[in-house]
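structure for the following, please:
(one chain, ligands or ions: 1)
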Amino acid sequence: MAPPPEDNVVVSQLKLEKLLSMKGGKGESSYVNNSQAQAQHARSMLHLLKDCLDGVQLNRQPEVPFTVADLGCSCGSNTLYIVDVIIKHIIKRYEASGFAELPEFSAFFSDLPSNDFNTLFQLLPSYGGSMEECLASDSHRSYFAAGVPGSFYRRLFPAKSIDVFYSAFSLHWLSQVPEVVVDKRSTAYNKGKIFIHGANESTANAYRKQFQADLAGFLTSRSVEMKRGGSMFLVCLGRTSPDPTDQGGAGLLFGTDFQDAWNDLVQEVIIIAYISSTISSSVYSLMHI
Ligand SMILES: C[S@@+](CC[C@H](N)C(=O)[O-])C[C@H]1O[C@@H](n2cnc3c(N)ncnc32)[C@H](O)[C@@H]1O
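Sure, this is the predicted structure:
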């Protein structure tokens with residue numbers, strides 16, 4: 001008989017990072033074609049982003065490149081749009097400040113190794129054109145591009161190498177499921193669920209601690225990597241209720257519906273595994289008659 005959902009498979013921290021990703025490619029259900037909501041929210045915050053960029057210290061040595069990194073860039077066009085906005089804004093600042101020579105620009109697109117970087121790179125406009133052409137059109141880019149695979153909860157770049165960090169709609173992804181949440185002996189045990197809506201206080205605290213530890217890892221790493229005078233712009237998901245176990249609205253959708261889908265998948269895998277083990281033991285018995 002298939003085991004109950006409480007016995008769902010738990011993957012280790014490393015495996016989670018290697019397994020999870022947005023849906024790659026350019027198909028109907030891909031992230032490329034299903035990230036308009038994030039695009040819309042990011043566009044509504046452009047004035048805040050530009051305020052933040054106005055505070056970035058401009059480098060007076062043109063031989064040192066100006067570097068931008070998008071952490072949790074995924075594979076859609078949102079990251080390309082934002083990086084373009086950032087670099088064009090900085091170019092305008094350089095020009096307005098009367099610098100004789102502009103630096104070169106580098107953009108680092110960073111995400112977990114399982115991200116579909118191939119699709120992202122196919123969407124990149126080509127490099128080159130005059131500065132005027134780059135400023136006027138989206139078919140050219142005025143920066144060198146590189147992908148950086150890895151978790152943003154650890155170091156990704158050399159010390160003091162990045163001028164602007166941007167990260168949107170990504171920091172709510174924890175690095176791992178807190179261990180106590182899957183420990184049946186713990187008061188924080190969440191009965192095999194993958195969301196905390198309606199969970200007890202211990203479960204909520206376990207998730208809070210994980211978030212705090214993850215965010216500390218993120219900020220510590222960035223503090224080493226950021227150049228003096230650099231800036232960071234973070235967009236994080238929040239909830240309207242102060243109660244951490246009230247996921248409300250979209251949280252409920254992403255919680256309960258995913259829970260049902262997850263349970264179905266787990267049951268399917270368990271049943272398939274059960275059927276194949278029954279078949280192989282029957283074959284084994286037949287071979288030994
Ligand atoms: C909802 S997407 C957001 C993509 C993009 N920033 C946007 O605004 O459309 C969240 C991204 O965060 C990435 N992510 C999650 N945890 C991460 C981690 N620890 N390190 C790096 N990227 C991570 C996911 O792989 C995913 O591509």
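
not counting its neighbours along the chain, what's nearest residue 164?
Excluding the flanking residues, the one nearest residue 164 by C-beta to C-beta, 6 or more residues apart in numbering is residue 68, at 4.6 Å. For glycine as for every other residue, the C-beta is placed from the backbone atoms N, C-alpha and C.

again, but for residue 153
On the basis of C-beta to C-beta, 6+ apart, the spatially nearest residue to residue 153 that is not a chain neighbour turns out to be residue 217, at 4.3 Å.

the one you found and the ligand, how far apart?
Taking C-beta to the nearest ligand atom, to the nearest Å as the measure, residue 217 falls 9 Å from the ligand.

sec struct for that residue, please.
Three-state call for residue 217 (DSSP: H, G, I helix; E, B strand; the rest coil): helix.

the residue nearest to residue 164 and the ligand: what is the separation?
Residue 68 is 13 Å from the ligand, by C-beta to the nearest ligand atom.

the helix or strand where that residue lies packs against which elements?
If you go by DSSP states H and E, residue 68 is part of strand 66-71. Contacts defined by 3 or more C-beta pairs under 8 Å, 6 or more residues apart in numbering; DSSP states H and E place strand 66-71 against helix 78-96, strand 105-111, strand 162-168.

roughly how far out does it sit from the chain middle?
Relative to the centre of its chain, strand 66-71 is centred 14 Å away, using C-alpha atoms, centre = their mean, to the nearest Å.

just the CA trace of it, in PDB.
Taking Å, rounded to 0.1, in the frame of the first residue of the first chain, the C-alpha atoms of strand 66-71 are listed here in PDB:
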ATOM      1  CA  PHE A  66      30.800  49.500 -14.100                       C
ATOM      2  CA  THR A  67      29.200  46.300 -13.000                       C
ATOM      3  CA  VAL A  68      25.600  45.300 -12.400                       C
ATOM      4  CA  ALA A  69      24.300  42.000 -11.100                       C
ATOM      5  CA  ASP A  70      20.800  40.600 -11.100                       C
ATOM      6  CA  LEU A  71      20.400  37.900  -8.500                       C
END
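
please convert the helices and strands packed on strand 66-71 to a markdown table, extending it with distance to the ligand.
What follows is the helices and strands packed on strand 66-71, written out as a markdown table (distance: least, C-beta to the nearest ligand atom, whole Å):
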| stretch | distance to the ligand |
| --- | --- |
| helix 78-96 | 4 |
| strand 105-111 | 5 |
| strand 162-168 | 4 |
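
make a markdown table out of those and add mean pLDDT and mean neighbour count.
Formatted as a markdown table, those follow (pLDDT from 0 to 100; neighbours: other C-beta atoms under 10 Å):
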| stretch | mean pLDDT | mean neighbour count |
| --- | --- | --- |
| helix 78-96 | 96 | 19 |
| strand 105-111 | 97 | 23 |
| strand 162-168 | 98 | 24 |
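
okay, these in a markdown table with distance to residue 223 next?
What follows is those, written out as a markdown table (distance: least, C-beta to C-beta, whole Å):
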| stretch | distance to residue 223 |
| --- | --- |
| helix 78-96 | 20 |
| strand 105-111 | 17 |
| strand 162-168 | 10 |
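
closest to residue 239 out of these?
Nearest to residue 239, of all these, is strand 162-168, at 17.2 Å by C-beta to C-beta.

so what touches the closest one?
Identification of contacts with strand 162-168 by C-beta atoms under 8 Å, 6 or more residues apart in numbering yields 38, 41-42, 49, 53, 56, 59, 66-72, 78, 82-83, 86, 90, 108, 152, 222, 225-227, 229-235.

so how far is it from its chain's centroid?
Strand 162-168 has its C-alpha centroid displaced from the chain centroid by 13 Å (C-alpha atoms, centre = their mean).

tell me where the stretch 101-250 of the chain is predicted with low confidence.
128-139, 249-250 (pLDDT under 70).

which stretches in it count as strands?
105-111, 126-127, 140-141, 143-149, 162-168, 226-235 (DSSP state E, counting those that start in this stretch).

nearest spatial neighbour of the residue sitting nearest the centre point of the chain, chain-adjacent residues omitted?
Centroid-nearest residue in the chain, with C-alpha atoms, centre = their mean: residue 72, separated by 3.2 Å. Counting by C-beta to C-beta, 6+ apart, residue 72 lies nearest to residue 170, which is 2.6 Å off, once chain neighbours are set aside.
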